[in-house]
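>>> here is my input; please provide its structure:
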Amino acid sequence: MSYFYTGMIILAILACSLMCVLIGCSPLLPGVKKRQFCMGFIVVAAGAMLEWLSLLLEHTGCPVWFHTGIKALELIMAPLIPLFLMIPIATNRRILKLMLAGVIVNSILIMVSCVTKSIFYMDSANVYHHGRLYFLFITSYTFEGICLVIGTYAIRKQYRSKNSWILYLIFLYMMIGIGMHNVITEIRADYLALTITPILFYISYVDLIQSSDSLTKLLNRNCYDSYISRIEDAAVIITVDVDYFKQCNDNYGHLFGDEVLRKVAQVIATTAPRKANCYRTGGDEFCIIVPGRVNNPDRILEEIHHEMDAIRAEDSRIPFISTGYAVFHPEADSIIDTIESADAMMYRFKNLRKQHLAEGKVVGFIDIQKILLSKPVIH
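Take a look at the predicted model:
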């Protein structure tokens, strides 16, 4: 065994330990998630230690059955890593059950192989070899990794993340690290890759959480301010505001108010164009920024109001919303002026709605928008 490999394993274990310390000190995650993430790094460290110990036992007088048991534990441990990464973030319990089933099947196959030597075995010199069915272990590991990518992609989709492709790069990196060792056994970089992969995964997850509003899962105000400060291309700015939101909280409680915000955010997320960035910019204030030139911004607003009307038909307590938009032309407009124009249109919409409600009239979006667009609007 080379000193280089031993040093790499020591650094991998130290990196896992340091990650546990950093996660424990983080104010971002609740205690349960911290422990779950730390368990993932503990599993990685344990697997790295078992691989090192297995290699240390080669060409020694150690009983073959003992060496076989050490290697079996390592091969059982490895597919647990994706499962333990999935546990703290999973919203769909079925994916966890599927991954657990895969781990159980792999564990049974490895234990059977201790006798049959079908997946791995030790020769008389205590040297580890792949069996003819070793591909089943690789298949199991790949299956767990694919489940992790699918589960994480679903979470990123819930948050409307546009960087889900990063997951594929992380998965590819992990498989390259494992594959290098399986193709050329002298390259023992598998646990280096298996240490860095959870770190990249954790960074990616924390970045997703920090950029999102915890209640609505839309992008938060920090992301909005950052995007606005560097926008250089044409875009449509759409502002959304909940009418009589304070009264809604006073009459039905803050929990119901939170539910209203979640429903409005869900409508915004599902009706906005795919390329749009959706933000919660304040208490009951939202913004949609659609990059590029949009032929018919009113169509987006109409769909939002249509979906809100459908929700209100099921629960009359759900308040109305007001909307406005302005088109940003970078060569001619200031982004601040464009946002103010969108807000001005939204407040005109809100005031017209209030006037009609005060008269006992419930007027729909199309009628109010016709009144607004019949007057000069600054774009």
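>>> how far out from the middle of the chain is stretch 8-26?
22 Å (CA atoms, centre = their mean, to the nearest Å).
>>> meant to ask about stretch 45-63
Relative to its parent chain, stretch 45-63 has a centroid offset of 36 Å by CA atoms, centre = their mean.
>>> just stretch 182-197 next, same as before
Using CA atoms, centre = their mean, the distance from the centre of stretch 182-197 to the centre of the chain it belongs to is 26 Å.
>>> ok, the spatially most central residue of the chain to V363 distance?
Geometric centre of the chain, nearest residue: R156, 3.4 Å, by CA atoms, centre = their mean. Separation of R156 from V363 (CB to CB, to the nearest Å): 39 Å. C-beta: built from backbone N, CA, C; applies to glycine.
>>> picking that back up, per-residue confidence averaged over the helix or strand encompassing the residue nearest to the centre of the chain?
Following DSSP states H and E, one finds R156 within helix 134-158. Helix 134-158 carries an average pLDDT of 88.
>>> tell me the helix or strand right after it.
Counting by DSSP H and E, what follows helix 134-158 is helix 165-183.
>>> other SSEs contacting that next one?
Under the contact definition 3 or more CB pairs under 8 Å, 6 or more residues apart in numbering; DSSP states H and E, helix 165-183 sits against helix 134-158, helix 190-210.
>>> switch those over to JSON lines; also include distance to K263.
Below are the helices and strands packed on helix 165-183 laid out as JSON lines (distance: least, CB to CB, whole Å):
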{"stretch": "helix 134-158", "distance to K263": "15"}
{"stretch": "helix 190-210", "distance to K263": "22"}
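>>> let me know which of the ones you listed is the nearest to K117.
K117 lies closest to helix 134-158 among those, at 10.6 Å (CB to CB).
>>> go through the closest one and flag the buried ones.
Using 16 or more other CB atoms under 10 Å as the test for burial, helix 134-158 gives 134, 136-137, 140-145, 147-149, 151-152, 155-156.
>>> low-scoring stretches of the stretch 251-379 of the chain, by residue?
Along the stretch 251-379 of the chain, the parts satisfying pLDDT under 70 run over 375-379.
>>> need the strands for it, in chain order.
For the stretch 251-379 of the chain, the strands defined by DSSP state E, counting those that start in this stretch cover 277-280, 285-291, 321-328.
>>> could you export those as TSV, including mean neighbour count and distance to L57?
Shown next, in TSV, are the strands of the stretch 251-379 of the chain (neighbours: other CB atoms under 10 Å; distance: least, CB to CB, whole Å):
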stretch	mean neighbour count	distance to L57
strand 277-280	24	55
strand 285-291	22	59
strand 321-328	24	67
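>>> contact partners of the strand or helix carrying L18?
Following DSSP H and E, one finds L18 within helix 3-25. For helix 3-25, contacts defined as CB atoms under 8 Å, 6 or more residues apart in numbering pick out 29, 34, 37-38, 41-42, 44-45, 48-49, 51-52, 55, 188-189, 191-192, 194-196, 198-199, 202.
>>> got the angle between the next helix or strand after that helix and helix 190-210?
Downstream of helix 3-25, the first helix or strand assigned by DSSP H and E is helix 31-56. Interaxial angle, helix 31-56 versus helix 190-210 (axes from the mean of the first three to the mean of the last three CA atoms, to 10 degrees): 170 degrees.
>>> now for F37, how many residues are close by?
27 (other CB atoms under 10 Å).
>>> what stretches of the stretch 1-150 of the chain score poorly on pLDDT?
Within the stretch 1-150 of the chain, the segments meeting pLDDT under 70 span 1.
>>> which ones are touching the residue of the chain most remote from its centre?
Largest separation from the mean C-alpha position in the chain: G61, at 48.8 Å (CA atoms, centre = their mean). By CB under 8 Å, 6+ apart, G61 lies in contact with nothing.
>>> contact partners of stretch 161-177?
Stretch 161-177 is contacted from outside by 142, 145-146, 148-149, 152-153, 156-157, 189-190, 192-194, 196-197, 200-201, 204, 208, using CB under 8 Å, 6+ apart.
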